[in-house]
Each structure stands twice: as structure tokens, then as C-alpha cells.
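Asker: got a sequence here, can you model it:
(one chain, ligands or ions: 1)
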Amino acid sequence: MSEPALELRDIHKGYNHGTPKEVQVLRGVSLRVAQGEVVSMVAPSGAGKSTLLHIAGLLDSADEGRVILGGEDMTDLGDRRRTRARRDHVGFIYQFHHLLPEFTAEENIILPQLAAGTSQAEAARRARNLLEIVGVGHRADHRPSALSGGEQQRVAFCRALANEPRVLLADEPTGNLDPGTSETVFGALMDLVRETGLSALIATHNLELAARMDRSLRLTEGRFA
Ligand SMILES: Nc1ncnc2c1ncn2[C@@H]1O[C@H](COP(=O)(O)OP(=O)(O)OP(=O)(O)O)[C@@H](O)[C@H]1O
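Answerer: Next up, the predicted model:
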């Protein structure tokens, strides 16, 4: 069997809210996401979904436990190698798109590729292809302000996949959209993930969306139930 795309081993994380009393958010989270597998994470607000995604995506460090991406243990990397590993392995999607307002949809997807050393022609080709998959190819030359909320979020999905990460981490990717738009946009995300064969861990409050993924996990009391 091939290596899991993402593996978390016994992750613990607490925050010390300026008082001696620490809030223990994660209490031994373990997880394996196989290559090409799409896993949902459902949890009440404040249960630690974002904390877990940030640790899995090398944006934050655990107090204990190990983070393994594509078979490589990333836990003890120094800052520079950690930044590079994040860029090479991980795509992030947030509830809000965070697109750059002064650039077009296509440019928003091209820019991170140029930063990673891809040629302009290849970056443009990939951007167009991704935009077509999520159904906004005809909006490539528009700035974010000219796009609807659902279209903006679809562009953000493409940007997250621009550098062909091994794993996609999404934090309530359709959380700020109305239910109808959320359904369409989520469908576009699944098309993108399936078409690229990507592995994904997607946090959502929406149980119907969660049920459409390969596997659904529930985070309660700092662990997967
Ligand atoms: N930087 C921080 N400093 C102190 N406490 C924090 C920090 N980040 C998160 N917390 C606390 O950790 C807990 C989990 O937060 P987290 O954002 O991971 O939850 P969540 O499940 O993503 O919530 P939501 O669904 O509301 O976004 C909360 O009690 C929060 O207040």
C-alpha cells in the first residue's frame, strides 16, 4: 500500500490564555488520509478544527505528536524547510476567499505558480484548465470584485490547487455562502478534487456535504470519536 498523503500521530495542542490554566484543545488526534481520499471533519464550533488544520498544514506546531506528509516526517523542520514543505505539499482553502483584489481571477492563480518557479506559459495553461473544471473559465479575465461570492470561492479553490499540492486542507470552504450556492460550489470543489486525484481533509458544519465525502470524522473532546 502506498504512503498516506497525510498522517497525524497522537497530536496534542493547548493554549495558555495568559493565565496559568491551559486550555487543552487537541488531546491525542490521530488520522491517516490515503492518496486520493477525501475526508470530512465535523465538529462543534470551538472544538479545534482550525487548530488541527493549521497543524496538519504546517502553519502551527503541535505540543506533542507527529505530522507526516507524503511519507515525510515534517514535525521537526526548521522555519525555511517548513515554509518550503508547506508550499510544495499543501493547498489551503478558507471560508473567505482572500483573493488579491487588484488581479484578475487568472492572475490570482498564476501568481503562486510563478513564486514556485513555474513558467508563465505553463502557469497560465494550468490556471485556465482549473477555472474550466470549476465552471468559471469565462470569468478568467475578471477581477474578484466583478465575481459573485460563489465564483470568487471557486477561483480560490483553483488557486489552492495551482502548485499541485499533495493534500488539500479546507476550513468551512462554503461556510459563507447561502445553501443553494454552497451546494453548487461544493460540487465544483469535489469535481476539482476528483479530477486531480488529490487527497483532502475538509472541515464543515454541513452534515449533508460531509456525507458526500469518502469518510466522515467527528472531532469531540479533542479527539476523533
Ligand atoms: N491562538 C490562540 N490562542 C489562544 N486560544 C486559541 C487560539 N486559537 C484557538 N484558540 C482556542 O482553541 C479552541 C479551538 O479553536 P479553533 O479555532 O481551532 O476551533 P474551531 O473548531 O475551528 O472553531 P470554529 O468552528 O468556531 O471556527 C477555542 O477555544 C479557541 O478559543
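
Asker: please enumerate the helices of this structure.
Answerer: 49-56, 79-89, 105-115, 120-133, 149-161, 179-196, 207-211 (DSSP state H).

Asker: out of those, the one nearest residue 70 is which?
Answerer: Judged by C-beta to C-beta, the one of the helices of the chain that comes nearest to residue 70 is helix 79-89, at 6.2 Å. All C-beta spots, glycine's among them, are computed from the backbone N, C-alpha and C.

Asker: between the closest one and helix 105-115, how many degrees?
Answerer: Interaxial angle, helix 79-89 versus helix 105-115 (axes from the mean of the first three to the mean of the last three C-alpha atoms, to 10 degrees): 130 degrees.

Asker: can you tell me the closest non-neighbouring residue to residue 47?
Answerer: residue 219 (5.0 Å; C-beta to C-beta, 6 or more residues apart in numbering).

Asker: now residue 68
Answerer: residue 7 (4.1 Å).

Asker: what parts of the protein come near the ligand?
Answerer: 15, 17, 23, 25, 43, 45-51 (C-beta under 6 Å from any ligand atom).

Asker: now pLDDT too, for those residues, in TSV please.
Answerer: Shown next, in TSV, are the residues of the chain next to the ligand (pLDDT from 0 to 100):
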residue	pLDDT
15	91
17	70
23	87
25	95
43	90
45	87
46	88
47	91
48	94
49	94
50	94
51	95
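
Asker: pretty sure residue 24 sits against residue 11.
Answerer: No. Assessed by C-beta atoms under 8 Å, residue 24 is found out of contact with residue 11, at 11.7 Å.

Asker: more neighbours: which of those two?
Answerer: residue 11 (26 against 13; other C-beta atoms under 10 Å).

Asker: which strand residues bridge the residue nearest to residue 47?
Answerer: residue 224 (DSSP bridges).

Asker: okay, now it: neighbour count?
Answerer: Neighbours of residue 219 using other C-beta under 10 Å come to 22.

Asker: could you list every residue that touches it?
Answerer: 29, 41-43, 47-49, 52, 225 (C-beta atoms under 8 Å, 6 or more residues apart in numbering).

Asker: hmm, 10 Å instead?
Answerer: When contacts are counted by C-beta atoms under 10 Å, 6 or more residues apart in numbering, residue 219 touches 25-26, 29, 31, 41-44, 47-49, 51-52, 203, 225.

Asker: same check on residue 199?
Answerer: 4-6, 33-39, 69-70, 165-169, 193, 214.

Asker: and these, which of them are buried?
Answerer: 4-6, 33-35, 37-39, 69-70, 165-169, 193 (16 or more other C-beta atoms under 10 Å).

Asker: name the residues contacting each of residue 24 and residue 11.
Answerer: 48, 63, 222.

Asker: coming back round to it: quick one: which of the contacts of residue 199 sit in strands?
Answerer: 6, 33, 38-39, 69, 167-169 (DSSP state E).

Asker: and which of those residues is nearest the ligand?
Answerer: For the ones in strands among the contacts of residue 199, the minimum distance to the ligand (C-beta to the nearest ligand atom) is 12.1 Å, reached by residue 169.

Asker: now do stretch 195-215: distance from first to last residue.
Answerer: From its first residue to its last, stretch 195-215 covers 18 Å (C-alpha to C-alpha, to the nearest Å).

Asker: from the shared contacts of residue 24 and residue 11, pick the one nearest the ligand.
Answerer: residue 48 (4.2 Å).

Asker: now for the nearest residue to the closest one once chain neighbours are set aside, how many residues are close by?
Answerer: Nearest residue to residue 48 in three dimensions, chain neighbours excluded: residue 25, at 4.2 Å (C-beta to C-beta, 6+ apart). Close neighbours of residue 25, defined as other C-beta under 10 Å, add up to 21.
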